[in-house]
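Enquirer: Show me the folded form of this:
(one chain, ligands or ions: 3)
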Amino acid sequence: MSFLFSRRIKHSRKDDNLVLPEHIGIIMDGNGRWASKRGLPRSAGHTAGAQNFRTITRYCSDIGIRYLTVYAFSTENWKRPEDEVSALMKLFKQYLEEALSDFKDDSIVVRFIGDTSAFSPELQELIERTQRESADREGMVLNIAMNYGSRDELVRAVKTIANEVKSGQLSVDEISADTVSSHLYTAGQPDPDLIIRPSGEYRISNFMLWQAAYTEFIILDKLWPDFSTEDLDSALREFSRRNRRFGGV
Ligand code: IPE
Ligand code: IPE
Ligand code: MG
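Expert: Residues are numbered from 1 along each chain as shown. Ligands and ions are numbered 1, 2, ... in the order given. Prediction:
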């Protein structure tokens with residue numbers, strides 16, 4: 001009865017002293033292993049993972065999360081066999097179309113973070129349209145990280161800042177942590193409070209390196225297609241018990 005529980009979280013947040021994260025990041029990992037365990041091709045795991053992405057996104061919106069960032073495809077994932085990459089591209093197209101109408105009902109604002117110029121013109125057009133059509137909504141902001149790598153994001157930020165200095169728009173002394181933050185794909189958004197990584201891997205894999213300076217991490221042994229709304233509820237309870245000090249006492 002996860003849905004009921006979610007309602008309880010939402011409505012009794014004050015009574016139970018449950019602290020919900022404002023921004024959640026999810027590294028959607030483990031699709032390939034999920035498929036292999038079932039004797040299926042890896043692409044079947046990506047299909048199951050994409051389906052779960054829809055479920056978990058709507059759930060986050062329903063319980064009142066303000067920002068959700070999902071890691072869908074990294075700058076390093078191009079190294080995979082060609083047939084896996086093309087299966088993923090096909091899936092992105094299909095799911096973007098379908099998710100568009102889903103997310104409309106929930107008033108979700110869809111944004112893409114990463115270098116989307118590497119995708120096919122058709123996929124880029126869909127990305128543009130999705131962003132444009134959802135920009136004026138008032139619900140949760142969903143960042144889909146596609147061809148995203150935090151090092152690439154930081155290099156781009158450094159280049160832009162350097163050009164601003166060169167052209168006299170900015171002086172070197174004016175450069176601060178806020179300057180860097182405001183040149184990232186996530187400019188204007190709060191840093192993630194919580195990053196969840198299913199699949200049991202204890203690493204960050206080039207995800208939000210700058211933004212995660214004080215993020216709480218929760219790693220689960222489940223594979224992404226098996227990650228349920230109940231798992232999210234228990235991650236939220238665990239997050240709520242954490243004592244975040246941000247370097248203080
Ligand atoms: C995550 O699942 C999806 C992408 C990286 C595109 P994986 O495909 O990495 O699944 P595993 O980690 O190999 O099981
Ligand atoms: C991270 O998973 C990227 C995504 C989930 C999109 P990977 O499977 O690519 O990461 P590694 O290779 O295990 O570090
Ligand atoms: Mg993986």
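Enquirer: Which residue ranges of the chain form helices?
Expert: Ranges of helices in the chain, per DSSP state H, are 2-11, 31-37, 42-63, 82-105, 121-134, 150-166, 177-181, 229-241.
Enquirer: so which of those gets nearest ligand 2?
Expert: Proximity to ligand 2 (CB to the nearest ligand atom) singles out helix 31-37 among the helices of the chain, at 7.6 Å. Using the backbone N, CA and C atoms, a C-beta is placed for each residue, glycine as well.
Enquirer: ok, the closest one near ligand 1 or not?
Expert: Yes. Interface with ligand 1: helix 31-37 contributes Asn31, Gly32, Arg33 (CB under 6 Å from any ligand atom).
Enquirer: Name the spans of this structure whose pLDDT lies under the cut-off.
Expert: Scanning the chain for pLDDT under 70 picks out 1-16.
Enquirer: Close to ligand 2: what parts of it are there?
Expert: Ile27, Met28, Asp29, Tyr71, Ala72, Phe73, Ser74, Asn77, Glu201, Arg203, Ser205.
Enquirer: hang on, the last one packs against Thr75?
Expert: No. Under the criterion of CB atoms under 8 Å, Ser205 is not in contact with Thr75, lying 10.4 Å apart.
Enquirer: of those two, who's got more company?
Expert: Thr75 (19 against 14; other CB atoms under 10 Å).
Enquirer: Chain neighbours aside, what residue packs nearest to that one?
Expert: Closest residue in space to Thr75, ignoring its immediate chain neighbours: Gly149 at 3.2 Å, by CB to CB, 6 or more residues apart in numbering.
Enquirer: likewise Tyr202?
Expert: Ile219 (5.9 Å).
Enquirer: can you check Asp102 too?
Expert: Arg54 is the one closest to Asp102 (CB to CB, 6+ apart), at 6.0 Å.
Enquirer: Number of residues surrounding the residue of the chain found nearest ligand 1?
Expert: Nearest residue of the chain to ligand 1 (CB to the nearest ligand atom) works out as Gly32 at 2.9 Å. For Gly32, the count of nearby residues is 21 (other CB under 10 Å).
Enquirer: And Val109, by the same measure?
Expert: 17.
Enquirer: re earlier: the residue of the chain closest to ligand 1 against Arg42, yeah?
Expert: Yes. Between Gly32 and Arg42 there is a contact under CB under 8 Å: 4.3 Å.
Enquirer: got the contact list for the nearest residue to Glu133 once chain neighbours are set aside?
Expert: Closest residue to Glu133 apart from its sequence neighbours, by CB to CB, 6+ apart: Leu100 at 7.1 Å. The contact partners of Leu100, by CB atoms under 8 Å, 6 or more residues apart in numbering, come to Val110, Thr130, Glu133, Ser134.
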